[in-house]
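Chemist: 3D model of this:
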Amino acid sequence: MVTTTKAPAYFISHGGPPTMFEHKHPAYQHWLQWGMEVRTLHEQGLIRGLVFVSAHWQAEDLEQGVYVNVDETNPMIYDFYGFPHHFYKQKVESSNPSNISALVLDHLRSAGVPAQSIKRGIDHGVWCPLKVAFQKPYLEELTPEQRKDQQATINTPSVLPVSLSLTQVSLPTSDSSFDSLKLGAALRGLRDQGFAIVGGGMSVHNLRDLMRSFALAGGRGFGSLALDSDREVGKPQPNAYSESFLKALREAMTVPPASQDEDKWGKALKLDRRADFLPAHPSAEHFLPALVAMGAAHPDEQGVETFALDEGPMGWNMYKWG
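Modeler: You can find the predicted model right below:
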């Protein structure tokens, strides 16, 4: 039975497919910890489901509003290319009961957001971190020593409990920061019903500069990186725009409690006007899920940064509200 305590809102950096197998990478280790937290809150009755908004699904063919995935089996979408064969065999088993997706649709519509149902499945912005977070053995089943060296699972599906639903909602077609914050605010009430709102993107996401860093180090891009689980060759380093933008993002995500949304969102709405925004985000889709997560927080909730890593063209964070 779900208690009256609100489920949290999260922003999680979802990384790229190689991170699923990089068991020594700090983001991988944090995904393990996040999975343990979600399971604990689920067992306590505080989370009954996840409502996920990913950078990799934007409602580009809608004039307004968003899509809600209503496929009950959450089929996998392998929306990447150039990786080893086993990347396309990964499985994350989850359920999206029709009564839950209908509840999400109705809630959005009642909040004034035109929401359309569609059978789609879940993309890697959703399932990559979940693959690690819910793989066996769970983090809580490992000793401290095992946690350091436990290899990533390749052949075993990761499975969410049947009682923990997973429903993906698209980003709006607009790249407006305000529209993503408003989408988060429209989802906010679902937290009272036990649904954690999760935005999956990247705090900094510049693939051109990332590929350039691989080339300068003699690498061959993502394909070669995927075969090197320790990611030492060509490891991206902090740079001027990543350092300054991550600092500004942290300040925006962790602003003190306020009495109303407009006061809470002030710094967040200025982020895409900064000189370092375009280098950090040549396109906005990986930035917007952070705003959805922030919008899902109440004005009197202060965000907490639970993970941060500056790898230059790839900036990682995790924020939590509630």
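Chemist: C-alpha from now on. contacts and neighbour counts both.
Modeler: Fine.
Chemist: count of neighbours near the closest residue to Val292 other than its chain neighbours?
Modeler: Sequence neighbours aside, Gly184 is the residue nearest to Val292 in space, at 4.2 Å (criterion: Cα to Cα, 6 or more residues apart in numbering). A total of 26 residues lie near Gly184 under the criterion other Cα atoms under 10 Å.
Chemist: helix or strand right after the helix or strand hosting Gly184?
Modeler: Here Gly184, judged by DSSP states H and E, is contained in helix 177-187. Using DSSP H and E, the helix or strand that follows helix 177-187 towards the C-terminus is strand 195-201.
Chemist: Any chance you could list what contacts that following strand?
Modeler: For strand 195-201, the surrounding residues in contact (Cα atoms under 8 Å, 6 or more residues apart in numbering) are 7-15, 47-55, 125-126, 187-188, 190-191, 285-293, 296.
Chemist: Just the ones of the residues you listed in helices?
Modeler: 125-126, 187, 288-293 (DSSP state H).
Chemist: Out of these, which two sit at the greatest distance?
Modeler: Gly125 and Leu187 (18.8 Å; Cα to Cα).
Chemist: hey, which helix is longest across the protein?
Modeler: Using DSSP H, we find that the single longest helix of the chain is helix 26-43.
Chemist: ok, back up a step: would you mind listing which of the contacts of strand 195-201 are buried?
Modeler: 7-15, 47-55, 125-126, 187-188, 190-191, 285-293, 296 (16 or more other Cα atoms under 10 Å).
Chemist: on that earlier part again, ok, the ones in helices among the contacts of strand 195-201 vs Glu60, which is closest?
Modeler: Nearest to Glu60, judged by Cα to Cα, of those is Leu288 at 14.1 Å.
Chemist: Is that closest one in contact with Trp57, as I believe?
Modeler: No. When contacts are counted by Cα atoms under 8 Å, Leu288 is not listed as touching Trp57 (11.1 Å).
Chemist: joint contacts of these two?
Modeler: Counting by Cα under 8 Å, 6+ apart, the residues touching both Leu288 and Trp57 are Leu171.
Chemist: Who is the closest residue to Leu164 other than its chain neighbours paired with across the strands?
Modeler: Once flanking residues are discounted, Leu164 sits nearest to Gly49: 4.7 Å by Cα to Cα, 6+ apart. Under DSSP bridges, the beta-bridge partners of Gly49 are Ser165, Phe195.
Chemist: what about stretch 259-276, distance to the chain center?
Modeler: How far stretch 259-276 lies from its chain's middle: 20 Å, per Cα atoms, centre = their mean, to the nearest Å.
Chemist: Repeat that for stretch 67-79.
Modeler: 16 Å.
Chemist: end-to-end on that stretch?
Modeler: 18 Å (Cα to Cα, to the nearest Å).
Chemist: With adjacent residues omitted, what lies nearest to the residue most central in space within the chain?
Modeler: In the chain, the residue lying closest to the centroid (Cα atoms, centre = their mean) is Gly200, at 1.7 Å. Once flanking residues are discounted, Gly200 sits nearest to Ser54: 4.7 Å by Cα to Cα, 6+ apart.
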